[in-house]
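In: model this:
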Amino acid sequence: VERSRGLGDVYKRQNLYLLVRFFGWLMVSLMLAFISNTFITLSLEWPKIFTLFSTTKSSYLFLFQILLQILLYMLAVLGSLYYAIKMRNVSLREDSELLNKSVNYFIRSCFWAVVFVGIADVIISFLRVEDLLVNVVGQDLATQLGRSKFRGPYIHIPLVFLGFIVGYFVKHIAFTWLAFLVLIAEFIIVITRFVFSYEQAFQGDVVRFWYAALFLFASAYTLFEDGHVRVDVIYTNFSRRTKGIINSYGCIFLGMTLCWAILLLGMWEKTNIIVNPMLSYESAQAGFGMYTKYWLASFLAIFAISMMIQFVSYLFESVADVFKEEGHRELGEILSH
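Out: Predicted structure coming up:
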């Protein structure tokens with residue numbers, strides 16, 4: 001009887017792991033499919049899937065574009081199911097670690113990207129406001145650099161790719177350095193304003209640019225380290241299993257729903273708050289400020305993407321705690337709140 005109960009517990013755990021792993025990877029893969037589909041429909045102007053039921057005119061190209069988008073979501077579902085079945089006997093902590101490494105790479109690459117973009121845009125803006133850009137790059141290129149739709153794809157985007165290359169080789173998250181850059185930028189503003197009576201729009205723009213990145217990019221890392229502030233009344237006294245149960249439900253019903261709300265409300269239509277500034281390369285009203293306003297909108301998407309992946313990672317780790325798997329991560333007291 002005891003042996004039968006033991007086998008029953010093993011099967012129950014395996015089935016639950018299968019369900020949890022499938023659900024977690026499905027959330028990540030559907031999110032990536034949705035973002036890819038958004039790029040296809042809004043940037044490349046492909047027809048949306050729903051137009052299949054609202055139009056009477058169709059062509060082979062139209063049907064091909066619709067079916068390709070449907071296939072994208074089917075691959076997300078079937079791929080998640082295949083992976084969950086294949087890895088059903090593997091610890092959830094391994095999946096949690098894999099997702100954590102992935103989001104760490106994504107965030108540290110975004111960190112380097114905003115550093116490169118910020119420095120480059122400050123230099124261009126300074127040369128423009130001081131009327132030196134023409135002497136450096138020539139009249140034609142100087143005129144083009146004054147247009148956000150040129151500076152974005154030809155200056156910013158290559159620097160973003162450079163950031164992802166550097167992020168692959170530099171294996172740490174340098175949020176302290178980003179905070180230091182914000183401090184330096186603020187210090188320069190104080191010195192130039194009160195000592196030299198000099199201040200330009202791009203100086204305040206770079207502070208807001210890096211400051212927004214600092215808080216939105218660091219959220220996923222802080223979640224993994226349990227560094228977010230808790231209004232803790234009774235949670236500390238719970239057992240590891242009870243904490244795992246609470247965290248699991250919190251990841252699903254509070255965390256993932258928030259991420260989906262940001263992505264759906266911000267990226268569903270061209271007029272939404274995230275995609276609209278990105279598609280138009282929206283810049284600040286100040287003519288000689290930085291052309292990075294559209295990046296502030298993209299930071300919301302980066303926040304939602306990174307937090308979604310980290311919530312799934314946290315879900316896997318919490319379910320592993322519920323079943324008292326080995327390898328529990330002890331958090332440092334310095335991060336307790």
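In: Give the full set of residues in contact with residue 150.
Out: residue 144 (Cβ atoms under 8 Å, 6 or more residues apart in numbering). For the C-beta atoms, the positions are set from N, CA and C on the backbone; glycine is no exception.
In: what's it sitting at in phi/psi?
Out: Here is the backbone geometry of residue 150 (degrees, to the nearest 10): phi -100, psi -50.
In: cool, residue 292 as well?
Out: According to degrees, to the nearest 10, residue 292 has phi -120, psi 10.
In: Show the pLDDT at the nearest residue to it once chain neighbours are set aside.
Out: Of all residues not flanking residue 292 in the chain, residue 209 sits nearest, at 5.1 Å (Cβ to Cβ, 6 or more residues apart in numbering). pLDDT, residue 209: 92.
In: I'd guessed residue 209 sits against residue 115; true?
Out: No: contact between residue 209 and residue 115 fails when scored by Cβ atoms under 8 Å: they sit 10.1 Å apart.
In: pretty sure residue 148 is touching residue 283, no?
Out: Yes: assessed by Cβ under 8 Å, residue 148 is found in contact with residue 283 at 4.2 Å.
In: wait, isn't residue 170 in contact with residue 112?
Out: Yes: counting by Cβ under 8 Å, residue 112 is a contact partner of residue 170 at 7.2 Å.
In: more crowded one of these two?
Out: residue 112 (21 against 13; other Cβ atoms under 10 Å).
In: distance of the more buried one from residue 100?
Out: Look at residue 112 and residue 100: by Cβ to Cβ, to the nearest Å, they are 19 Å apart.
In: element containing the residue nearest to residue 292, please.
Out: Counting by DSSP states H and E, the element that carries residue 209 is helix 201-224.
In: Mind listing what's buried along stretch 54-74?
Out: By 16 or more other Cβ atoms under 10 Å, the buried positions in stretch 54-74 come out as 65, 66, 69, 72, 73.
In: tell me which of the residues you listed is nearest to residue 93?
Out: residue 73 (28.8 Å; Cβ to Cβ).
In: how far away is that closest one from residue 30?
Out: 7 Å.
In: again, but for residue 204
Out: According to Cβ to Cβ, residue 204 stands 39 Å off from residue 30.
In: Check the secondary structure at residue 270 for me.
Out: Secondary structure, DSSP: H, G, I helix; E, B strand; the rest coil: residue 270 is coil.
In: Neighbours of it, how many?
Out: So residue 270, with other Cβ under 10 Å, has 14 neighbours.
In: With adjacent residues omitted, what lies nearest to it?
Out: Nearest one to residue 270, counting by Cβ to Cβ, 6+ apart, is residue 42 at 5.5 Å.
In: now do residue 81
Out: What sits nearest to residue 81 in space, not counting adjacent residues and going by Cβ to Cβ, 6+ apart, is residue 22, at 5.7 Å.
In: I am finished for the moment; much appreciated.
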